[in-house]
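Engineer: sharing a model prediction with you, sequence too.
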Amino acid sequence: MFQQPSWHALQVMIKLVMIPIPQYPLYSPTIAEFDLHQVGYYLDESTNWGLEISELERAYEEGKKLCNPKALVVINPGNPTGSVLSRENIENVIRFAHEKKLFLFADEVYQDNVYAEGSKFHSFKKVTMEMGAPYNQMELASFMSCSKGYMGECGLRGGYAEIVNLDPQVKALYLKSISAKLCPTTLGQAVMECVVNPPQEGEPSYEQFIEEKNKVLSSDNFLTFTFRSLINLRHLASFYMICFSFACYCTVSFYVSFFNMGNHGKGKPTNCAE
């Protein structure tokens with residue numbers, strides 16, 4: 001009940017959202033849930049899933065046939081592509097978003113998972129600020145999570161959105177909306193505190209923190225961890241299938257017994273129409 005006016009305000013603000021294809025499947029159902037429109041811009045596989053400005057232009061013009069595009073989602077590093085945008089590419093995207101007056105959504109939850117030689121992560125917020133006016137005055141939301149990267153552990157769920165230059169009235173409605181929702185678990189909140197405030201150089205735990213972080217992020221250890229996780233996941237999936245089958249059997253047995261009892265053993269519920 002508290003979320004309705006907030007999301008109505010967002011619907012007025014955002015008519016159409018531009019999202020990458022392929023993309024993390026959260027965006028499509030979320031856009032559909034709030035009765036918004038989406039238009040996909042296609043990443044170029046031949047250039048390692050690069051983001052071409054010409055493709056953004058095409059998608060923008062296509063979207064204008066439906067309604068007024070208001071937001072642009074960029075996933076960097078890419079999910080599921082794994083691509084990492086260069087600084088030059090990011091600057092061009094920012095210029096495009098500024099020209100079209102688009103709200104930029106920067107999904108950057110995989111920023112610690114950059115392994116390709118020559119690749120480097122650049123945050124959209126940092127680049128916009130370094131580009132100066134008028135780009136440092138753009139509306140921008142950056143997303144980060146404790147479920148990925150070196151701190152990622154299954155079951156630890158927490159994240160944040162850093163929002164800059166948002167209209168005060170819209171921000172007030174947004175805060176009201178998220179205040180009415182459930183928050184992450186206590187463990188998730190504690191991990192997020194560690195993510196945003198890691199040990200600093202000169203502090204007693206800094207050397208150990210850096211050693212453990214680099215060990216987790218080293219490609220050999222990370223691939224081994226991923227492989228073992230997949231094996232465990234396979235066994236876990238088998239266990240869940242057994243539990244699911246047993247639950248279905250119990251449920252069906254219960255309803256059969258219930259209907260038989262309701263009809264006193266005649267094989268049909270007593271309230272069933274002839």
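Structural biologist: Cool, got the structure. Residues are numbered from 1 along each chain as shown.
Engineer: all contacts plus neighbour counts: C-alpha atoms, from now on.
Structural biologist: Will do.
Engineer: neighbours of the closest residue to residue 24 other than its chain neighbours, how many?
Structural biologist: Excluding the flanking residues, the one nearest residue 24 by CA to CA, 6 or more residues apart in numbering is residue 79, at 5.7 Å. Residue 79 sits with 19 neighbouring residues when counted by other CA atoms under 10 Å.
Engineer: then the one 3 residues further on?
Structural biologist: A total of 17 residues lie near residue 82 under the criterion other CA under 10 Å.
Engineer: try residue 106
Structural biologist: Residue 106: 22 neighbours (other CA under 10 Å).
Engineer: same check on residue 97?
Structural biologist: 20.
Engineer: thinking again about what came up before, now the residue nearest to residue 24: phi and psi?
Structural biologist: phi -130, psi 110 (degrees, to the nearest 10).
Engineer: who touches it in this structure?
Structural biologist: 22, 23, 24 (CA atoms under 8 Å, 6 or more residues apart in numbering).
Engineer: ok, the second one to residue 45 distance?
Structural biologist: Computed with CA to CA, to the nearest Å, the distance linking residue 23 and residue 45 is 13 Å.
Engineer: again with the last one
Structural biologist: Residue 24 is 16 Å from residue 45, where distance means CA to CA.
Engineer: and those two? Which one has more around it.
Structural biologist: Ranked by neighbour count (other CA under 10 Å), residue 24 and residue 45 place residue 24 first, with 15 against 11.
Engineer: and the pLDDT at the more buried one?
Structural biologist: pLDDT, residue 24: 85.
Engineer: wait, it sits on residue 82?
Structural biologist: No. The criterion here is CA atoms under 8 Å, and residue 24 misses it with residue 82 at 11.3 Å.
Engineer: low-confidence ranges in this protein?
Structural biologist: Applying pLDDT under 70 to the chain flags residues 1-14, 153-155, 219-274.
Engineer: make it 80
Structural biologist: The model of the chain has pLDDT under 80 over residues 1-15, 149-156, 181-184, 218-274.
Engineer: quick one: the helices in this structure, in order.
Structural biologist: Assigned by DSSP state H, the chain shows helices spanning 3-13, 27-33, 53-64, 87-100, 124-131, 168-179, 186-196, 206-217, 219-262.
Engineer: coming back round to it: how about JSON lines for the contacts of residue 79, with distance to residue 30 added?
Structural biologist: Formatted as JSON lines, these follow (distance: CA to CA, whole Å):
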{"residue": "22", "distance to residue 30": "16"}
{"residue": "23", "distance to residue 30": "13"}
{"residue": "24", "distance to residue 30": "11"}
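Engineer: just the closest of those residues to residue 161, please.
Structural biologist: residue 24 (16.8 Å; CA to CA).
Engineer: next up, the contacts around residue 15.
Structural biologist: 36, 37, 67, 68, 69, 70.
Engineer: and the second one, what are its bridge partners?
Structural biologist: The one in question is residue 37. Taking DSSP bridges as the rule, residue 37 bridges to residue 16.
Engineer: I'd say residue 74 and residue 22 touch.
Structural biologist: No. In this structure, residue 74 is not within contact of residue 22 by CA under 8 Å, at 11.3 Å.
Engineer: of these two, which one has the most company?
Structural biologist: A direct count of neighbours by other CA under 10 Å for residue 74 and residue 22 places residue 74 higher, at 22 against 15.
Engineer: could you check how far the residue nearest to the more buried one when sequence neighbours are not counted is from residue 122?
Structural biologist: Counting by CA to CA, 6+ apart, residue 106 is the residue found nearest to residue 74 once chain neighbours are left out, at 5.1 Å. Separation of residue 106 from residue 122 (CA to CA): 11 Å.
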